[in-house]
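Enquirer: predicted structure and sequence below. I'll ask about it afterward.
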Amino acid sequence: MNWSQFFNTSIGKKLLVGATGLFLCSFIIVHLAGNFQLLKNDEGAAFNAYAAFMGHNSLIQFIAWGLKIIIIVHAVIALQLTFRNRAARPVKYAINPGNQTSSWFSRQMAIMGSILLIFLIIHLADFWWKFHYGDVPTRTYEGGIEPLKDLYTIVNSAFKVEWLVALYVIGMIGLSFHLVHGFKSAFQTFGLNHVKYNGLINFVGVWLFGIAIPVGYAIIPLVIYFK
Amino acid sequence: MEHYNMNLTLKVWRQKNTDAQGKFETYPVSGISSEMSFLEMFDVLNERLINEGKEPIAFDHDCREGICGACSMHINGRAHGPWAGTTTCQLHMRAFKDGDTVTVEPWRAGAFPVVKDLTVDRGAFDRIIEAGGYISVNTGNAQDANCLPINKDDADAAFAAAACIGCGACVAACKNSSAMLFLSAKVSQLSLLPQGQPERKSRALNMVAQMDKELFGSCTNTGACEAECPKEISLTNIARLNREFISAGFTYEK
């Protein structure tokens, strides 16, 4: 079995989905840490400096493009597998077991992933596209040398719009439900199922990626909206 | 447990042959003993249908003691019915109450085409076994067992995997119709033992390739297979299969 045959098997494709998924898990930690600077009471000095750094550092830019490719690989292969899985049962059951034999979260991966993908497209168009290619006002802070693109004000005015805040909260619910199953599922796909580690993997999957991080993200638009 | 009789309404999938359009037929059955097995209840119904000059319901059965894996029935949305770790023949009518409606469907999977009524063709499993689920040894007397030292935990894990009876409940229960639990049991029982080592890598690769060829879905780790397996094969076997497949894929030269 050569590499192309290997990664075209069902397990090979799942390995790619799992590996890209875990990489994206590491990304959302870093992204959240950066975003929390939006809540600093400094008129955006820290956040705008951070955004300028992230937008210009060539290593970060390299990773950022890699990240977009990884998101596309994750989504495309996962959708391929989903369509194949659906096709594997041409005649459906009249009665399904529901939650008796599997968790609800584990059966909604494609739906939650699709919600996330739509969210991501809107999110990137809203901020990333505007920041790089749009007309962004600049602002010079005390002690700063160069004027910085004022992404802080763009974010703050965006999160005064009700439907956008609602969209962000829905997106984060999608993220939460996706990762409750997704994080631990990736480990099983890699063959890492061991009594001494399963508890920890489950705990991190549910409490850190399923709850803490999505709540952390959802807090930002909510705080700005109600400020 | 006290014995009681019950009247039931059965909704059973009837399909003349693989290409025919199937549909549900409703049959009232009365005077069913709580001590009967589910298949005996079907025997009672079939006898009546034969006496009425109608076509009896086709269903697979063989040993009727829970070890052959033939009795493929999806009962009220559950593979082999509501009891855990049970085949249909070992499901007894005390699982139901008087007046219940019971819906019985065949295993639903593209890889398991319906032959007739509740009977499906599980030949896809045979072809997966043919692809590598064996060891190649010269025949002759078995050597003395103690010549091959095997760790007791490995022997136990191999034995637990070997309990798989190939009934197909894992495929039937999986929302993706994935055969990963079956495949993982067959790969595990050999990869854990010294006799399985010579063909270890080619086995994992060839069996997975055959599974994909049979158009089973892929595993999304929902755990429904483990919950429905009559022999309670563990998901740890699927993790082991993944490890076997990954290490073979990265190191096997062919």
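Expert: Okay, I see it. All of these numbers come straight from a predicted model, not from anything done at the bench. Residues are numbered from 1 along each chain as shown, chains lettered A, B, ... in the order given.

Enquirer: spit out the contact partners of the residue nearest in space to the middle of chain B.
Expert: To find the centre residue of chain B, average its C-alpha atoms and take the closest one (Cα atoms, centre = their mean): that gives B:Cys167, at 2.0 Å. If a contact means Cβ atoms under 8 Å, 6 or more residues apart in numbering or on different chains, then B:Cys167 has B:Gly69, B:Ala70, B:Cys71, B:Ser72, B:His80, B:Thr87, B:Pro230 as its contacts. Any C-beta I mention is one placed from the backbone N, CA and C, and that applies to glycine too.

Enquirer: phi and psi next, for it.
Expert: Torsion angles at B:Cys167 (phi, psi; degrees, to the nearest 10) stand at phi -80, psi -20.

Enquirer: repeat for A:Ser176
Expert: With angles defined as degrees, to the nearest 10, A:Ser176 shows backbone torsions of phi -60, psi -50.

Enquirer: all strands of chain A, in order?
Expert: A:138-139, A:148-149 (DSSP state E).

Enquirer: out of those, deepest packed?
Expert: Here the criterion is mean neighbour count by mean count of other Cβ atoms under 10 Å in any protein chain shown, and of the strands of chain A the winner is strand A:148-149, at a mean of 21.

Enquirer: by contact count, what packs against it?
Expert: Based on contacts counted as 3 or more Cβ pairs under 8 Å, 6 or more residues apart in numbering or on different chains; DSSP states H and E, the elements that strand A:148-149 packs against are helix A:45-56, strand A:138-139.

Enquirer: swap in 10 Å and give it another go.
Expert: Here strand A:148-149 is seen to pack against helix A:45-56, helix A:130-133, strand A:138-139 when contacts are counted using 3 or more Cβ pairs under 10 Å, 6 or more residues apart in numbering or on different chains; DSSP states H and E.

Enquirer: given that strand, what are its sheet partners and their directions?
Expert: Sheet pairing of strand A:148-149 (DSSP bridges) gives strand A:138-139 (antiparallel).

Enquirer: relative to chain A, which of the contacts of B:Cys167 is nearest.
Expert: Using Cβ to the nearest Cβ, B:His80 is the member of the contacts of B:Cys167 that sits closest to chain A, with 11.5 Å.

Enquirer: residues touching the closest one, list them.
Expert: Each residue near B:His80 by Cβ atoms under 10 Å, 6 or more residues apart in numbering or on different chains is listed here: B:38, B:66, B:69, B:71-74, B:86-91, B:167, B:169, B:172-173, B:228-230.

Enquirer: same check on A:Leu116?
Expert: Contact criterion Cβ under 10 Å, 6+ apart gives A:Leu24, A:Ile71, A:His74, A:Ala75, A:His123, A:Gly171, A:Met172, A:Gly174, A:Leu175, A:Phe177, A:His178, A:Leu179 as the residues in contact with A:Leu116.

Enquirer: farthest residue from the center of the chain?
Expert: As the question left the chain open, I've gone with chain A. Ranked by distance from the centre of chain A (Cα atoms, centre = their mean), the top residue is A:Ala94, with 35.3 Å.

Enquirer: I was after chain B.
Expert: Most remote from the centre of chain B, using Cα atoms, centre = their mean: B:Cys147, at 34.4 Å.
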